[in-house]
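J.: below are the sequence and a predicted model; questions follow.
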Amino acid sequence: MHAPNSAPTDLQADPVPARAVPKSVRRLACCRISHGTHSTDELGAIAPDDTLALARRIKRHDRVTEAVVLATCNRVEVYFSTRTPADRDAALRVAREALGTCETVKTETGLDVVEHLTRVACGLDSKVLGEDHVLGQVRRTFEAALEEGLAGGVLTRAADTAVSVGRTCRDETEINEGRVSYGSATCEIIADHVGSPSRLVVVGAGEMATSVANAAAHRWDGRVDVVNRTTAPGLPTGDGRYWPLDDLESALVEADAVVTATGAADPVLTPETAAGVGSDTLIVDLATPPDVAGTVRESAIPVVDLDAVQDRIDDAVAGRKEAVPAVEDAVADAVETFVDRERENRAEDTLRALHRTAAAIRETELERARARLENGEDDPETVLEDFASGLTAALLGSPTERLRTAARNGDDAVIEATHRLFELDASLEEPE
């Protein structure tokens with residue numbers, strides 16, 4: 001991590017007038033970097049080793065009430081809430097410093113935070129549209145923050161909304177239909193040709209080869225052998241083995257399917273190295289330039305090239321893109337519902353305070369009435385009448401004075417609100 005070396009970006013304004021957004025929502029802020037401006041390696045270098053430790057560091061700021069750090073291969077994001085909306089700017093500076101970069105950091109505040117987090121959970125903000133993993137990552141990140149006491153207020157409620165909508169969209173739309181990674185698309189093509197391979201050979205150990213090996217390990221219980229110039233311990237192979245590239249011909253014998261993804265300048269699958277490959281073995285060539293020689297392609301061995309895999313991915317992405325408007329509508333509806341609930345939460349706080357005040361007044365009047373009854377000063381009927389009158393006067397005294405003040409000041413809104421609140425029948429027309 002390094003210190004920020006440029007001025008912070010301008011904060012985005014709330015999408016609707018501030019008075020229309022509940023104060024709890026206006027206390028939210030987020031600063032983030034993502035795949036749009038950083039490579040996977042750059043994001044990995046920026047991502048904290050311990051997201052909870054970074055969140056604790058941010059929450060130590062005296063104006064921050066909640067802090068959550070979300071780190072995936074596509075993004076590093078800091079979410080937080082502050083004591084008041086006015087505290088957001090100072091807290092954003094702390095969050096930017098914690099990330100260690102300000103050149104390309106993006107910020108959201110208020111309602112934009114809720115919308116962005118919901119889009120993330122729905123897969124709309126991922127490099128691979130509609131990807132599934134991010135939903136679980138959001139859920140687990142916020143659950144861990146809640147357990148650590150780093151969240152539990154409006155930020156947690158926003159995350160609950162985001163996760164709920166993410167699940168619904170995946171159940172009710174096609175936002176995650178089809179396979180859109182090279183690994184999963186390749187495995188689908190293999191399944192179409194050979195079913196479930198007992199033995200898959202992957203030639204190469206780069207990003208694309210790793211994607212295939214990972215997808216195969218998740219999909220099948222079969223053996224995965226890897227052929228490469230050097231061993232690649234990061235690739236999942238089950239009970240498979242590594243073969244040196246010089247032994248490629250031997251490695252391909254009795255393979256059900258072969259995937260090539262090397263960076264070689266010349267074909268590695270020549271008539272000689274493919275001599276032991278049968279006509280019922282599928283070869284998928286993901287390399288550019290191709291790993292499979294033209295003479296092998298012209299033989300009886302079935303060969304699928306990168307273009308065919310890309311077509312499979314494009315078809316899946318096209319289907320997902322068609323679902324985007326429905327998901328965006330769901331996001332908009334969820335954000336609107338979230339705002340309504342936050343307004344209701346504010347009413348609940350007011351109602352609880354109102355009931356506490358009323359209960360305190362009642363207990364005071366009851367205690368006075370009990371004392372009079374115990375002393376035998378008055379008959380019970382008089383005590384009850386005085387109790388009712390005292391309770392009414394105590395409850396309505398302050399509101400009465402405020403209504404009279406409002407009337408003197410011409411504040412009709414207070415008077416009209418009182419009529420609606422208590423469903424009063426008296427006319428609001430001015431006296432003649």
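T.: Perfect, I can see it now.

J.: going forward, measure contacts between C-alpha atoms and count neighbours the same way
T.: OK.

J.: what residues are up against Gly376?
T.: The contact partners of Gly376, by C-alpha atoms under 8 Å, 6 or more residues apart in numbering, come to none.

J.: again with Arg402
T.: With contact set as C-alpha under 8 Å, 6+ apart, Arg402 has no partners.

J.: cool, and the one 5 residues further on?
T.: Listed by C-alpha under 8 Å, 6+ apart, the contact partners of Ala407 are Ile415.

J.: that one: which element?
T.: For Ala407, the element it lies in under DSSP states H and E is helix 380-408.

J.: pretty sure Cys31 sits in a helix.
T.: No: with DSSP: H, G, I helix; E, B strand; the rest coil as the criterion, Cys31 is assigned strand and is not in a helix.

J.: that one: neighbour count?
T.: Cys31 has 23 neighbours, counted by other C-alpha atoms under 10 Å.

J.: please, which helix or strand holds the closest residue to it other than its chain neighbours?
T.: Nearest residue to Cys31, sequence neighbours excluded (C-alpha to C-alpha, 6 or more residues apart in numbering): Thr107, at 4.3 Å. Applying DSSP H and E as the criterion places Thr107 in strand 106-109.

J.: export that strand as PDB, just CAs?
T.: What follows is strand 106-109, C-alpha atoms only, in PDB (Å, rounded to 0.1, in the frame of the first residue of the first chain):
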ATOM      1  CA  LYS A 106     -14.600   5.900  -7.700                       C
ATOM      2  CA  THR A 107     -17.000   7.100  -5.000                       C
ATOM      3  CA  GLU A 108     -20.700   6.800  -4.300                       C
ATOM      4  CA  THR A 109     -22.700   8.400  -1.500                       C
END
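
J.: which elements pack onto that strand?
T.: Under the contact criterion of 3 or more C-alpha pairs under 8 Å, 6 or more residues apart in numbering; DSSP states H and E, strand 106-109 touches strand 28-34.

J.: what are the contacting residues of the strand it packs on?
T.: By C-alpha under 8 Å, 6+ apart, the surrounding residues in contact with strand 28-34 are 43, 74-82, 85, 88, 92, 95-96, 104-111, 113, 154-155.

J.: out of these, which are buried?
T.: Buried by 16 or more other C-alpha atoms under 10 Å: 43, 74-82, 85, 88, 92, 95-96, 105-111, 113, 154-155, out of the contacts of strand 28-34.

J.: out of the residues you listed, which sit inside strands?
T.: Of those, the ones assigned to strands by DSSP state E are Arg75, Val76, Glu77, Val78, Tyr79, Phe80, Ser81, Thr82, Lys106, Thr107, Glu108, Thr109.

J.: what about the second one, distance to Gly153?
T.: As judged by C-alpha to C-alpha, to the nearest Å, Val76 and Gly153 stand 22 Å apart.

J.: now do Arg170
T.: Per C-alpha to C-alpha, Arg170 is found 26 Å from Gly153.

J.: comparing the two, which residue is more hemmed in?
T.: Arg170 (19 against 13).

J.: show the pLDDT at the more buried one.
T.: For Arg170, the pLDDT comes out at 93.

J.: which pLDDT does the model give Asp412?
T.: 82.

J.: CA atoms only for stretch 372-382 - export them in CSV, please.
T.: Extracted C-alpha coordinates of stretch 372-382, given in CSV (Å, rounded to 0.1, in the frame of the first residue of the first chain):
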residue,chain,number,x,y,z
ARG,A,372,-54.6,9.4,47.1
LEU,A,373,-56.6,6.2,47.3
GLU,A,374,-54.2,4.7,50.0
ASN,A,375,-54.5,7.9,52.1
GLY,A,376,-58.3,7.9,51.8
GLU,A,377,-58.3,11.5,50.8
ASP,A,378,-61.1,11.3,48.2
ASP,A,379,-63.6,8.8,47.1
PRO,A,380,-62.5,6.5,44.2
GLU,A,381,-64.8,8.1,41.7
THR,A,382,-63.2,11.5,42.2
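
J.: where's the residue positioned nearest the centre of the chain, which helix or strand?
T.: By C-alpha atoms, centre = their mean, the chain has its centre lying nearest to Ala121, at 3.4 Å. Per DSSP H and E: Ala121 is located in helix 111-122.

J.: helices and strands around the following helix or strand past that helix, which ones?
T.: Next along the chain after helix 111-122, taking DSSP H and E as the criterion, comes helix 133-147. With contacts taken as 3+ C-alpha pairs under 8 Å, 6+ apart, helix 133-147 sits against strand 64-72, helix 111-122, helix 154-172.

J.: tell me the SS of the nearest residue to Glu272 once chain neighbours are set aside?
T.: Using C-alpha to C-alpha, 6+ apart and skipping the chain neighbours, the partner closest in space to Glu272 is Glu249 (7.4 Å). Here Glu249 is helix, with the state taken from three-state DSSP.

J.: next one: Glu249 from Gly390, what distance?
T.: 100 Å.

J.: picking that back up, my guess is the residue nearest to Glu272 meets Val268, correct?
T.: No: applying C-alpha atoms under 8 Å as the test, Glu249 and Val268 come out as separate, 10.0 Å apart.

J.: compare those two (neighbour count), which wins?
T.: Each of Glu249 and Val268 has its neighbours counted (other C-alpha under 10 Å); Val268 has more, 21 against 18.

J.: if I pick that one, what's in contact with it?
T.: Neighbour list for Val268: Asp291, Val292, Ala293 [criterion: C-alpha under 8 Å, 6+ apart].

J.: mind checking pLDDT for the second one?
T.: You'll see Val292 listed with a pLDDT of 94.

J.: got it, and Asn375?
T.: In this model, Asn375 is scored at 83, pLDDT.

J.: how far away is it from Ala369?
T.: 10 Å.

J.: those two - which one has more neighbours?
T.: More neighbours surround Ala369 than the other of Asn375 and Ala369, with 21 against 8 (other C-alpha under 10 Å).

J.: what's the angle from the helix or strand that contains the more buried one to helix 380-408?
T.: In the assignment (DSSP H and E), Ala369 maps to helix 306-375. Helix 306-375 runs at 130 degrees relative to helix 380-408, counting by axes from the mean of the first three to the mean of the last three C-alpha atoms, to 10 degrees.

J.: which other helices and strands contact helix 306-375?
T.: The contact analysis (3+ C-alpha pairs under 8 Å, 6+ apart) places helix 306-375 against helix 23-26, helix 111-122, helix 154-172, helix 182-194, helix 380-408.
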